[in-house]
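**Student:** Here you go, sequence then predicted model.
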Amino acid sequence: MFYALYQNFSAYADQLPLLNLLKYLTVRIGLALFTSWFVCLAMGSRFIRWIQARQGRGQPIREDGPEGHLLTKRGTPTMGGFMILAGVTVATLLWADLTNVYVWVVLGVTIGYGLLGFIDDYAKVTKQTSAGLSGKQKLFFQFLIAGIAVAALILLAPASPSSPGLERSVAFPFAKSFLIYLGWFYVAWGAFTIAGFSNAVNITDGLDGLAVVPVMMAAAAFGLIAYLVGNFVFAEYLQVHFVPGSGEVAVICAGLIGGGMGFLWYNAPPAKIFMGDTGSLALGGALGAIAVTTKHEIVLGIIGGLFVVEALSVMIQVGYYKLTKKRVFLMAPIHHHFEKLGWAESTIVIRFWIVAALLALIGLATLKLR
């Protein structure tokens, strides 16, 4: 909104120096971070009281989970991801270029997945069971939303002048110009990236602060990537594929960081509220959509490697148990395995944060190692 205001009154920018600042993407990124943080923080206490009054017994806890969770986490309200979504949405609408197709695609996926997560959370709370929507139902709508988003990018996003066919191709880290052209099959690849990462973040969200901080780290890394690949000069210097207009996605990344900071204020142990599927599905979907828009889907697997490992631990556990009736881990996802080994929750969370930070740095290194 404010960027449109600047464009309409740019002729008076000399008389209004503060308005002139809005032409700089870096300024709007900073303002988006602050706005999202403020919105999330400001609504926190009131939202928690409101949601407690309506949820009654709060978040159901899986009976087969760690024993301590039944005592310490039962009754904690959920759907706190709505706070993050509110911050991200307000920040994006205020500070992003609303004529940019990437902004609407990423925001649409984020809100769509957030709505899907809300429906799942609502079903869990009303039925007082840890199982909400069925897995098939969630996957269907996740792939539907993601497929529409990727198709919209192919049809509406501006073509890259330096990389013909980029919008339907898969780019590889450590390679300067190598692309695999998929044509319309890219819709399936992009949808798999978005839906898969959404579920990976959802699986990771099992301890206080465990998912939100790595999401913030990944958002910071992809905010930098979006800024660089959306700038022709920087893209040429780094020898990455130039994606015109994708720099605006950095505003949404800033919103994710700010919203995560505001939410963490209330989610810090002991958590006053959980983000629930409302938050985890939306945040994972947002990161997946950002990776698709910046043509760094494979790098997402590096930067978000913690989430990938969490998802793999579940798949390995389930697959191995079906074959042998034995378990690889004491409990899956893998953070519960460490709980069973006797690690304190805070120890697991902080060590996982350290791993997430290292992976984010490794992912950023791919920009230069070509």
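**Tutor:** Noted; the coordinates are in hand.
**Student:** Hmm, Phe197 and Ala211 touching each other?
**Tutor:** No. Between Ala211 and Phe197 there is no contact under C-beta atoms under 8 Å: 11.9 Å. (Each C-beta comes from the backbone N, C-alpha and C, glycine too.)
**Student:** tell me, what's touching the two both at once?
**Tutor:** Here Ala211 and Phe197 have Phe307 as joint contacts, going by C-beta atoms under 8 Å, 6 or more residues apart in numbering.
**Student:** can you pull the contacts of the spatially most central residue of the chain?
**Tutor:** In the chain, the centroid-proximal residue (C-alpha atoms, centre = their mean) is Leu283; its distance is 3.0 Å. Leu283 makes contacts with Gly81, Ile84, Thr110, Val201, Ala211, Val212, Val215, Leu256, Gly260, Met275, as judged by C-beta under 8 Å, 6+ apart.
**Student:** Show me those residues that map onto helices.
**Tutor:** The members of the contacts of Leu283 that map onto helices under DSSP state H are Gly81, Ile84, Thr110, Val201, Val212, Val215, Leu256, Gly260.
**Student:** Can you check what pLDDT the model gives the closest residue to the first one other than its chain neighbours?
**Tutor:** The reference is to Gly81. Nearest residue to Gly81, sequence neighbours excluded (C-beta to C-beta, 6 or more residues apart in numbering): Gly279, at 1.9 Å. Listed pLDDT for Gly279 reads 95.
**Student:** in terms of contact, does Gly279 touch Ala86 like I think?
**Tutor:** No. Between Gly279 and Ala86 there is no contact under C-beta under 8 Å: 11.0 Å.
**Student:** Which one's more surrounded, the two?
**Tutor:** Ranked by neighbour count (other C-beta atoms under 10 Å), Gly279 and Ala86 place Gly279 first, with 34 against 19.
**Student:** Show the contacting residues for the more buried one.
**Tutor:** Here Gly279 is in contact with Met79, Gly80, Gly81, Phe82, Ile84, Leu85, Gly114, Gly117, Asp205, Val212, Phe263 (C-beta under 8 Å, 6+ apart).
**Student:** Return the item of those having minimum pLDDT.
**Tutor:** Met79 (89).
**Student:** Which of the three states applies to that one?
**Tutor:** At Met79 the chain is in coil, as set by DSSP: H, G, I helix; E, B strand; the rest coil.
**Student:** so where is the stretch 51-200 of the chain shaky, pLDDT-wise?
**Tutor:** Residues of the stretch 51-200 of the chain that meet the criterion pLDDT under 70 lie in 55-74, 127-132.
**Student:** Kindly recompute the last result at 50.
**Tutor:** Applying pLDDT under 50 to the stretch 51-200 of the chain picks out residues 70.
**Student:** Could you pull out the strands in it for me?
**Tutor:** 169-171, 179-181 (DSSP state E, counting those that start in this stretch).
**Student:** and the last one, which strands flank it?
**Tutor:** What it means is strand 179-181. Within its sheet, strand 179-181 is paired with strand 169-171 (antiparallel), according to DSSP bridges.
**Student:** Now mean neighbour count and distance to Phe222 too, for the strands of the stretch 51-200 of the chain, in a markdown table please.
**Tutor:** Converted to a markdown table, the strands of the stretch 51-200 of the chain look like this (neighbours: other C-beta atoms under 10 Å; distance: least, C-beta to C-beta, whole Å):
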| stretch | mean neighbour count | distance to Phe222 |
| --- | --- | --- |
| strand 169-171 | 20 | 14 |
| strand 179-181 | 13 | 20 |
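**Student:** Present those as JSON lines; the columns should include distance to Lys368.
**Tutor:** Converted to JSON lines, the strands of the stretch 51-200 of the chain look like this (distance: least, C-beta to C-beta, whole Å):
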{"stretch": "strand 169-171", "distance to Lys368": "15"}
{"stretch": "strand 179-181", "distance to Lys368": "19"}
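**Student:** Figure out which of those is closest to Tyr321.
**Tutor:** strand 169-171 (32.9 Å; C-beta to C-beta).
**Student:** Pull the residues that contact the closest one.
**Tutor:** 163, 178-182, 186, 189, 241, 295-298.
**Student:** so what's Ser313 up against?
**Tutor:** Phe329, Ala332, Pro333, Ile334, His337.
**Student:** go with 7 Å
**Tutor:** Residues in contact with Ser313 (C-beta atoms under 7 Å, 6 or more residues apart in numbering) are Phe329, Ala332, Pro333, Ile334.
**Student:** Spell out the residue ranges of the helices in the stretch 201-350 of the chain.
**Tutor:** For the stretch 201-350 of the chain, the helices defined by DSSP state H, counting those that start in this stretch occupy 212-229, 232-238, 249-267, 276-293, 297-303, 305-324, 334-340, 345-365.
**Student:** Of these, which stretch is the most buried?
**Tutor:** helix 276-293 (a mean of 30; mean count of other C-beta atoms under 10 Å).
**Student:** could you give the angle of that one to helix 212-229?
**Tutor:** With axes from the mean of the first three to the mean of the last three C-alpha atoms, to 10 degrees applied, the angle from helix 276-293 to helix 212-229 works out at 20 degrees.
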